[in-house]
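Chemist: After the sequence you'll find the predicted model.
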Amino acid sequence: MVEEPETAAPAAGGDARYGAPAGRAEVRRYSEVDVEAARRVPSGFGEFDRVLGGGIVPGSMVLVGGEPGIGKSTLLLQVAARVAESAGPVLYASGEESEQQVKERGQRLDIGDAELYLLAETCLERLLEAVERVRPALLVVDSIQTIYSLSLASAPGSVGQVREAATHLLFNAKRGNVPTILVGHVTKDGALAGPKVLEHVVDTVLYFEGERHHAHRVVRAVKNRFGAVSELGVFEMTGSGLLPVSNPSRLFLSDRAADAPGSVVLCSLEGTRPILVEVQALVSTGAYGTARRMSSGMDHNRLALLLAVLEKRAGLGLAGEDVFVNVAGGLEIDEPAADLGVVAAVASSLRARPVRPATAVFGEVGLGGEVRGTPQAGLRVREAAQLGFTHCVVPAANSGRDTADAGCETIGVETVEDALDALLAVS
């Protein structure tokens, strides 16, 4: 329950609270709508445009969330500078830093003399006045939790203030066709802070992910009205800012040790992009009565299910073994096609046998031990072939039909036992 002061209704003919448009609404025939008039604005970063669905849509509102210090402000300042060079003036409104602090970051990022305007302001009304004066091609608000409206008595960051600020900024974006990017805080559980209506108001929700001890950062779309969801953009944090990574597979496999037991290359798919990642497993004899199961980069419950399938269907004794599974590089994998990679890595570590060289895997494992087909198999195999892999262990349903011309020899398997025979030569 949140207390909000009651406001009097506007008089007839007066201004509404959210600014009613003048005149009557124009009704247009479907066939007369000009799609070319809403051409996307490139952000200057191909990876960021990929996540957005091809660029910044005029009049759209994008919400970017992530852990503190992950690089949200750095990326958006770089995007603001690139858009200012190509599309016109950009207004960067910061409620957390002064103009001098933003300028110091810009100097480190080597931002030139672009038409970029800075505003250190937390009052919503003064922010909207600045937007009317500058009429920017892009508005960046860092962050929405620091903005407050004079019409409410509650503190900045409260449910009422966040909802009020986001709604006014949305109407301003739609009325003036000004694309707006909001920075949002996250809770300790990783979810976006504030009311859930904030995610419903915006057109696109992006999550900025990454480990502090890794150089790469991942931008993931979880909602997008103008593109595919679950799309992925990969960046590398350097001393001069964030740089896009055009080949993430090579980045995630750069430190992989060849012929190491418990290491398997998985052909994963994030949105429309195939990515090859290393799945590592370590199986050791448990020192305590209850065996430990730990996972990093994948769902813990999914790991427990796959271990039960291995023990029941493949005859591997894992009841008293500690099992640790890790997706190298800090990437989060949640698609079912990762099952076969996890199963192969655990079996490889248990048998102390490396998988056959230059071999990648993918496939969903069912409770009966069967290996089910996965979508976009040809795309996955082609990515493996481009990185020098000569063999791919795939579901039998995807062998031949989807991967005939992928440039890599495919080995179709129907069960988990068949997959282990092909990868480890075990009976």
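Modeler: It's in.

Chemist: And Glu311, how close does it get to Gly262?
Modeler: For Glu311, the distance to Gly262 (CB to CB, to the nearest Å) stands at 17 Å. Backbone N, C-alpha and C define where each C-beta goes, glycine included.

Chemist: Tell me which of these two has more neighbours.
Modeler: A count of neighbours by other CB atoms under 10 Å puts Gly262 above the other of Glu311 and Gly262, at 24 against 14.

Chemist: OK, contacts around the more buried one?
Modeler: 280-283, 345-346, 348-349 (CB atoms under 8 Å, 6 or more residues apart in numbering).

Chemist: Dump those to CSV, plus neighbour count.
Modeler: CSV is the format used below for the contacts of Gly262 (neighbours: other CB atoms under 10 Å):
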residue, neighbour count
Gln280, 20
Ala281, 24
Leu282, 17
Val283, 24
Ala345, 28
Val346, 27
Ser348, 25
Ser349, 24
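
Chemist: what would those look like in JSON lines with pLDDT, distance to Phe362 and secondary structure?
Modeler: Shown next, in JSON lines, are the contacts of Gly262 (pLDDT from 0 to 100; distance: CB to CB, whole Å; DSSP: H, G, I helix; E, B strand; the rest coil):
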{"residue": "Gln280", "pLDDT": "96", "distance to Phe362": "16", "secondary structure": "strand"}
{"residue": "Ala281", "pLDDT": "96", "distance to Phe362": "16", "secondary structure": "strand"}
{"residue": "Leu282", "pLDDT": "96", "distance to Phe362": "21", "secondary structure": "strand"}
{"residue": "Val283", "pLDDT": "95", "distance to Phe362": "22", "secondary structure": "strand"}
{"residue": "Ala345", "pLDDT": "96", "distance to Phe362": "13", "secondary structure": "helix"}
{"residue": "Val346", "pLDDT": "96", "distance to Phe362": "16", "secondary structure": "helix"}
{"residue": "Ser348", "pLDDT": "95", "distance to Phe362": "16", "secondary structure": "helix"}
{"residue": "Ser349", "pLDDT": "95", "distance to Phe362": "19", "secondary structure": "helix"}
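
Chemist: just these now: which is nearest Ala377?
Modeler: Within the contacts of Gly262, the smallest distance to Ala377 is 20.2 Å, found for Ala345 (CB to CB).

Chemist: close enough to count as contact, the closest one and Val264?
Modeler: Yes. In this structure Ala345 lies within contact range of Val264 using CB atoms under 8 Å: 4.4 Å.

Chemist: what's the overlap in contacts for the two?
Modeler: 279, 281.

Chemist: chain center to stretch 418-427, what's the gap?
Modeler: Distance, stretch centre to chain centre, for stretch 418-427: 35 Å (CA atoms, centre = their mean, to the nearest Å).

Chemist: Could I get the CA-only coordinates of it as CSV?
Modeler: Written as CSV, here are the backbone C-alpha positions of stretch 418-427 (Å, rounded to 0.1, in the frame of the first residue of the first chain):
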residue,chain,number,x,y,z
ASP,A,418,24.6,-43.2,-28.2
ALA,A,419,25.9,-39.7,-27.6
LEU,A,420,28.4,-41.0,-25.0
ASP,A,421,29.6,-43.8,-27.4
ALA,A,422,30.2,-41.2,-30.1
LEU,A,423,32.0,-38.7,-27.8
LEU,A,424,33.9,-40.9,-25.3
ALA,A,425,33.9,-44.4,-26.9
VAL,A,426,32.4,-46.0,-23.8
SER,A,427,30.0,-48.9,-23.8
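
Chemist: For the chain, which segments count as helices?
Modeler: Per DSSP state H, the chain carries helices over the ranges 46-52, 72-86, 99-108, 124-134, 159-176, 197-201, 248-252, 300-313, 339-351, 377-386, 416-424.

Chemist: Put together JSON lines for these, with distance to Val234 on each row.
Modeler: As requested, those are exported to JSON lines (distance: least, CB to CB, whole Å):
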{"stretch": "helix 46-52", "distance to Val234": "6"}
{"stretch": "helix 72-86", "distance to Val234": "12"}
{"stretch": "helix 99-108", "distance to Val234": "22"}
{"stretch": "helix 124-134", "distance to Val234": "32"}
{"stretch": "helix 159-176", "distance to Val234": "28"}
{"stretch": "helix 197-201", "distance to Val234": "24"}
{"stretch": "helix 248-252", "distance to Val234": "4"}
{"stretch": "helix 300-313", "distance to Val234": "23"}
{"stretch": "helix 339-351", "distance to Val234": "19"}
{"stretch": "helix 377-386", "distance to Val234": "14"}
{"stretch": "helix 416-424", "distance to Val234": "28"}
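
Chemist: what's the most buried one of the ones you listed?
Modeler: helix 339-351 (a mean of 26; mean count of other CB atoms under 10 Å).

Chemist: tilt between that one and helix 300-313?
Modeler: 60 degrees (axes from the mean of the first three to the mean of the last three CA atoms, to 10 degrees).

Chemist: Counting by contacts, list what helix 339-351 packs against.
Modeler: Where contact means 3 or more CB pairs under 8 Å, 6 or more residues apart in numbering; DSSP states H and E, helix 339-351 is packed against strand 263-270, strand 273-285, helix 300-313, strand 321-327, strand 359-361, strand 364-365, strand 391-395, helix 416-424.

Chemist: for the nearest residue to Arg353 once chain neighbours are set aside, what are its contacts?
Modeler: Of all residues not flanking Arg353 in the chain, Leu424 sits nearest, at 5.0 Å (CB to CB, 6 or more residues apart in numbering). By CB under 8 Å, 6+ apart, the contact set of Leu424 is 344, 347-348, 351, 353, 355-356.
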